[in-house]
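Trainee: here is a sequence together with a model predicted from it:
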Amino acid sequence: MMNHAAFAAEDAVTAVAAPAQPGRHFVSLPPRRARDCRKASLSRMDLATSAVLMAGSLLDSMKASSPRHAMSPAGADHEEWIVSFFHMHPWLLLAFFPTLPPSLQPIIEESLPESQEKHPSALEWFEGVLAAAEGKQIVMFLDYDGTLSPIVEDPDRAVMTEEMRDAVRGVAQHFPTAIVSGRCRDKVFNFVKLEELYYAGSHGMDIKGPTKVSNHKAKADEVLCQPATEFLPVIQEVYETLTAKMESIPGAMVENNKFCLSVHFRCVEEAEWDALGREVKAVLEDYPKLCLTKGRKVLEIRPFIKWNKGNALKFLLKSLGYAGRGDVFPIYIGDDRTDEDAFKVLRNMGQGIGILVTKFPKDTSASYSLREPAEVKEFMRKLVKSNGIKKG
Ligand SMILES: O=P(O)(O)OC[C@H]1O[C@H](O[C@H]2O[C@H](CO)[C@@H](O)[C@H](O)[C@H]2O)[C@H](O)[C@@H](O)[C@@H]1O
């Protein structure tokens, strides 16, 4: 069995990911058994995704995302992580699972434990994804950084390619599509530049419908949800304080994402990380209503409210009129810990799939994986193509 700890580090300037259970989201499999719970508890910290960072864990957590030791080559280990025993035709087994007599289901499940720890490629298992979505309304949710654009050193240069834009445009012509990002909504819109999409910025705390009327149910230019407006002054205040403090740390950068802040340390010498973390924590001591979470070489400061990308996903499904409907198939693609909240929502709903973008094995609640933004683009193209074929 793979040692997840060995792969906790990540983040060369280019990709991200996590582990899930293929098929879990397609059918109603029995709840996890004792062995799974034990594994889950062992990896609680990793699975906590955007959970608040605990005191004392900050430097460790920052280091955990550092490629201090050589990454495992995206070869054998990744293969082991993505491939499962029934990888050839998993959808057949999963499709029939609910129809099996209850007495047989535990026996079948017993034969699956290994596969449940795998994260098959959504491209290689594309037919399985299609089979699971058959007859259902697909709704597409896309993270931005590391999913639609590669990770780069300068956050202001994380542009997406024209080809990627075309792929997103294509998907949006067929399915309601939302961008769900930690970025400020205006900023992510300026990168994506597609008016027909929903945008959930600031980790879902700023949701707006399409500015161009599409064939979906959106009301043009309507602000749909801003659950943290009361925090705007305090976020601005902390932004100014932190910007001043970070001036003494070469390479540190504070990004104002409107309802949250990002303190970037990708370009900071590792010897300075502890000082950076301490400064950030010290500032936050005066703001008990704000909390600290972690992304890819970034500390995120957000309002202490129960709202994350998972809530944004649920909110958007409801706004589209899909809440509680069994004929909806949400697909969420993301690469970051903050995306785990959305993967968990899908897992709990037992509907749709979460796809983690990563080149390395990771703990995740997503059920599928893709290696990099180029594969995300390819997946979207295939989805559009198959939808066209089905209709035409
Ligand atoms: O939810 P996302 O759309 O994935 O946004 C998460 C954060 O992404 C950005 O930072 C990350 O990407 C940068 C550009 O590639 C990279 O330099 C940085 O190290 C990454 O953490 C963005 O700048 C943050 O504000 C977002 O919170």
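Mentor: Looks like it arrived, so ask away. Numbers count the residues shown, from 1 in each chain.
Trainee: what is the burial count for Asn190?
Mentor: 11 (other Cβ atoms under 10 Å). In short, each C-beta sits where N, CA and C put it, glycine included.
Trainee: OK, contacts around it?
Mentor: Taking Cβ atoms under 8 Å, 6 or more residues apart in numbering, we find Asn190 in contact with no residue.
Trainee: which pLDDT value belongs to it?
Mentor: Listed pLDDT for Asn190 reads 98.
Trainee: do you know how far it is from the ligand?
Mentor: Look at Asn190 and the ligand: by Cβ to the nearest ligand atom, to the nearest Å, they are 13 Å apart.
Trainee: what does Val180 give?
Mentor: 7 Å.
Trainee: I'd say Val268 and Pro250 touch.
Mentor: Yes - the criterion here is Cβ atoms under 8 Å, and Val268 meets it with Pro250 at 6.9 Å.
Trainee: more crowded one of those two?
Mentor: Remark: of Val268 and Pro250, Val268 carries more neighbours, 20 against 10, as counted by other Cβ under 10 Å.
Trainee: list of residues touching the helix or strand where Lys382 lies?
Mentor: Using DSSP states H and E, Lys382 falls within helix 373-391. Helix 373-391 is contacted by residues 15, 121-123, 126, 130, 138, 140, 142, 146-150, 160, 163-164, 167-168, 170-171, 173-175, 331, 333, 355, 357, 370 when judged by Cβ under 8 Å, 6+ apart.
Trainee: let's see it at 6 Å
Mentor: With Cβ atoms under 6 Å, 6 or more residues apart in numbering as the test, helix 373-391 has contacts from 122-123, 126, 130, 147, 150, 164, 167, 170-171, 174, 333, 370.
Trainee: for the residues you listed, work out which two are farthest apart.
Mentor: Farthest-apart pair in the contacts of helix 373-391 is Leu130 and Pro150; separation 27.0 Å (Cβ to Cβ).
Trainee: all strands of the stretch 251-392 of the chain, in order?
Mentor: Assigned strands in the stretch 251-392 of the chain, in chain order: 253-256, 261-264, 290-295, 298-303, 328-334, 353-357, 368-370 (criterion: DSSP state E, counting those that start in this stretch).
Trainee: give me the residue from this protein nearest the ligand.
Mentor: As assessed by Cβ to the nearest ligand atom, the ligand sits closest to Gly182 within the chain, at 2.7 Å.
Trainee: element containing that residue, please.
Mentor: Under the assignment given by DSSP H and E, Gly182 is not contained in any helix or strand.
Trainee: ditto for Pro227
Mentor: Judged by DSSP H and E, Pro227 forms part of no helix or strand.
Trainee: so what's the residue count around it?
Mentor: Pro227, neighbours per other Cβ under 10 Å, totals 19.
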